[in-house]
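**Student:** coordinates only, sequence not included:
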């Protein structure tokens, strides 16, 4: 595990007006920035993920080889390492943490990349799930900087169905009266966390994944073993409920069309992307279905749709299934061999 | 709305050993039993549905025309009209209501059909969702009686993924401390009911249904309007939480292979079906996907798989979408014109 570093964002005013005073962005880097500053890759985190959860796609023998690329993994605001409900003091602590948009996330990361590292071009932005949303946002917010993008199992605009799925997750978490409107202090709503884990379980993997009992390949010995030890364990593993809800709000309101200047026009925002793209939905992803990404690609100038085949659904991008990992890694390799969109 | 009638089941011993004393089956009938007793159709209810919720598929101009067929709609045990947690007194009241299997449901219905009506053959058994599960169960429990079956948007065995989806529903409902282990008395856990409604919302209709805003065709004016007024309203409409959990348990443990005599062998149970069948999964049903029904049909002797096309997902079988209703009605007509499996 790489050391966590922190970038001071100062008084960071968000798209909706609130100012996070003394905000900071936690991040990790892998590899070395070359003298030309041409080998930088940004690889944002996913819903509740921390930078170390991205490390499966970085390493010797993989496309994102630290001997070749300088990979920056910024932690999302709200994930518990960067400024989040759980680590903010004062007025914006806990459930009063303000609404952070994808645009805000990328603005914070842009500050790190440009002001701290002095990088003007990114060879690649890539990410899974909400990391894919940040990837799209990078390409729309800074078309002049992003050579290539590879969003996997995510979208440029959170679909209505995806919002509904997240409503179920949120409702389950907050139905526990121990949640107490977010004022649970040192006694987190464990019943609600376990309930939201069980709701999530049906969405994270496909119907066929369960039919084939693929969880046995991960070492789980029964369906209930998977639900308790993987899923409930996942949400009990240092996941703060207010943090989860802050990230969920970012997710639900995701839409590159809401980037300043586009006035809600998602298609125009997609058309503004200059980056060379390979867009990688998973075949049986239940909340980011391939059709939605086909729609996005149809509005982009230089984008290829490449569906990750198989039955792992959304978790094809989690790094737990070797064939999916190889497929995504190969796509990154091919994309990095193509000319960037700024040439 | 047809008058509710009641059939006395007496002391009804369930598959798992408990005896519901003074049990009763609520039902409604449509049309007239002919002198040969050859025009009877059984059309069981779905999860939380009552007999009047099935009436969209019965009527003049439809296949199930009361002038031609005698349609019996038995209410599932647990649905609040037949013996259920909410109307049982004594030891088995409320959360102590015993485990009822699909086999039990059909045994109760068989008692009504044979002992009360003196019917020996059924022209058709059909039903939506858990009603489809009961349809399969009829064909396995009484192959000698069932001429034809048309299960729509349901299955002969509840898949693992389907069980997981239901775990999310259950966890959301019971996360509300007002649920109190089922001892909520006259103050139902409305937060939990609304949470389970929001969980259900993502599953009931397909991703494309939400993308296309099909709910507007039902008169809902915004996504949140649909979530609150349709979905939360649905679960608050006289749905008792213990009843919901009793039916959910029946559903989760559904498997025709658990019929006495088959020792858990679902495929053997499917192979034992004599009825002529048209099996109707919906194209984008998220918890009863067509693949599962293709599997079932592959083990049946005289069954056709006919996928209901479109984007309504599971609710293709709810009677709210005219093209789906026409499709299902036409399949019933065609099936009833075919020779029954007992000829």
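**Tutor:** That came in fine, so what should we check first? A quick note: this is a predicted structure, and the numbers were derived from the prediction, not measured. Numbering: from 1, shown residues only, chains lettered A, B, ... in the order given.

**Student:** was I right about residue A:119 contacting residue A:40?
**Tutor:** Yes: contact criterion Cβ atoms under 8 Å: residue A:119 and residue A:40 qualify, at 4.8 Å. For the C-beta atoms, the positions are set from N, CA and C on the backbone; glycine is no exception.

**Student:** now do the contacts for residue A:130.
**Tutor:** Going by Cβ atoms under 8 Å, 6 or more residues apart in numbering or on different chains, residue A:130 touches A:44, A:45, A:46, A:47, A:76, A:154, A:247, A:250, A:251, A:254.

**Student:** take those residues and keep only those in helices.
**Tutor:** A:247, A:250, A:251 (DSSP state H).

**Student:** list residues touching both of residue A:119 and residue A:40?
**Tutor:** A:33, A:113.

**Student:** these two: which is more packed in?
**Tutor:** Neighbour count, other Cβ atoms under 10 Å in any protein chain shown: between residue A:119 and residue A:40, residue A:40 has more, with 24 against 21.

**Student:** any chance you could map the strands in the stretch 201-343 of chain A?
**Tutor:** With DSSP state E, counting those that start in this stretch as the criterion, the stretch 201-343 of chain A has strands at A:276-279, A:303-305.

**Student:** what of the stretch 51-200 of chain A?
**Tutor:** For the stretch 51-200 of chain A, applying DSSP E, counting those that start in this stretch gives strands covering A:70-74, A:124-128, A:148-152.

**Student:** so residue A:41 sits in a helix?
**Tutor:** No: per DSSP: H, G, I helix; E, B strand; the rest coil, residue A:41 lies outside any helix segment and is strand.

**Student:** that one pairs with what?
**Tutor:** For residue A:41, the beta-bridge partners are residue A:71, residue A:124 (DSSP bridges).

**Student:** give me the number of residues near it?
**Tutor:** Number of residues near residue A:41 (other Cβ under 10 Å) recorded here: 26.

**Student:** quick one, what contacts it?
**Tutor:** Residue A:41 is in contact with A:64, A:69, A:70, A:71, A:72, A:122, A:123, A:124, A:125, A:126, counting by Cβ under 8 Å, 6+ apart.

**Student:** what residues does the stretch 101-250 of chain A put near chain B?
**Tutor:** Proximity of the stretch 101-250 of chain A to chain B (Cβ under 8 Å from any Cβ of the partner chain) is limited to residues A:159-165, A:167-168, A:170-172, A:174-178, A:191-192, A:194-203, A:205-211, A:213, A:223, A:227.

**Student:** in helices, which of these fall?
**Tutor:** Going by DSSP H, the helices hold A:160-165, A:167-168, A:170-172, A:174-175, A:191-192, A:194-203, A:207-211, A:223 from those.

**Student:** quick check on residue A:24: phi, psi?
**Tutor:** phi -140, psi 150 (degrees, to the nearest 10).

**Student:** related to what we said a few turns ago, quick one: buried ones out of the ones in helices among the contacts of residue A:130?
**Tutor:** In terms of neighbour count (16 or more other Cβ atoms under 10 Å in any protein chain shown), the buried residues within those are A:247, A:250, A:251.

**Student:** from residue A:99, how far out is the second one?
**Tutor:** Pointing back at residue A:250 there. 8 Å (Cβ to Cβ, to the nearest Å).

**Student:** likewise for the last one?
**Tutor:** In this view, residue A:251 and residue A:99 are 12 Å apart by Cβ to Cβ.

**Student:** where are the low-confidence patches of the stretch 151-300 of chain A?
**Tutor:** Within the stretch 151-300 of chain A, no range satisfies pLDDT under 70.

**Student:** quick one: contacts for the closest residue to residue A:223 other than its chain neighbours?
**Tutor:** Nearest in space to residue A:223, with sequence neighbours left out and distances taken as Cβ to Cβ, 6 or more residues apart in numbering or on different chains, is residue B:160 at 5.5 Å. Taking Cβ under 8 Å, 6+ apart as the criterion, residue B:160 is in contact with A:210, A:211, A:213, A:223.

**Student:** 10 Å instead, please
**Tutor:** By Cβ atoms under 10 Å, 6 or more residues apart in numbering or on different chains, the contact list for residue B:160 reads A:207, A:209, A:210, A:211, A:212, A:213, A:215, A:223, A:226.

**Student:** return the residues in contact with the second one.
**Tutor:** Residue A:209 makes contact with A:215, A:217, A:284, A:310-316, A:321, B:160-161, B:164, according to Cβ under 10 Å, 6+ apart.

**Student:** give me the nearest residue to it, chain neighbours excluded.
**Tutor:** Residue A:209 sits nearest to residue A:311 (Cβ to Cβ, 6+ apart), 5.0 Å away.

**Student:** measure the one you found to residue A:212 for me?
**Tutor:** 6 Å.

**Student:** compare the two and say which one has the larger neighbour count.
**Tutor:** Per other Cβ under 10 Å, whichever of residue A:311 and residue A:212 has more neighbours is residue A:311, with 19 against 13.

**Student:** so what pLDDT did that one get?
**Tutor:** Per-residue confidence (pLDDT) for residue A:311: 98.

**Student:** mind listing what's buried in stretch A:82-102?
**Tutor:** A:82-86, A:88, A:92, A:94-95, A:97-98, A:100-102.

**Student:** with stretch A:50-66 instead?
**Tutor:** A:50, A:51, A:53, A:54, A:55, A:57, A:58, A:62, A:63, A:64, A:66.

**Student:** of these, closest to chain B?
**Tutor:** Distance to chain B across those (Cβ to the nearest Cβ) is lowest for residue A:53, with 22.7 Å.

**Student:** hmm, that closest one is touching residue A:45, no?
**Tutor:** Yes: distance between residue A:53 and residue A:45: 6.8 Å, which falls inside the contact criterion (Cβ atoms under 10 Å).

**Student:** spatially central residue for chain A, please.
**Tutor:** By Cα atoms, centre = their mean, chain A has its centre lying nearest to residue A:131, at 2.3 Å.

**Student:** residues in contact with that residue?
**Tutor:** With the criterion set at Cβ under 10 Å, 6+ apart, residue A:131 makes contact with A:42-47, A:49, A:53-54, A:73-74, A:76, A:105, A:125, A:151-154, A:317.

**Student:** which segments of chain A make up each domain?
**Tutor:** Listed by automatic domain parsing, the domain ranges of chain A are A:5-159+A:254-337, A:162-249.
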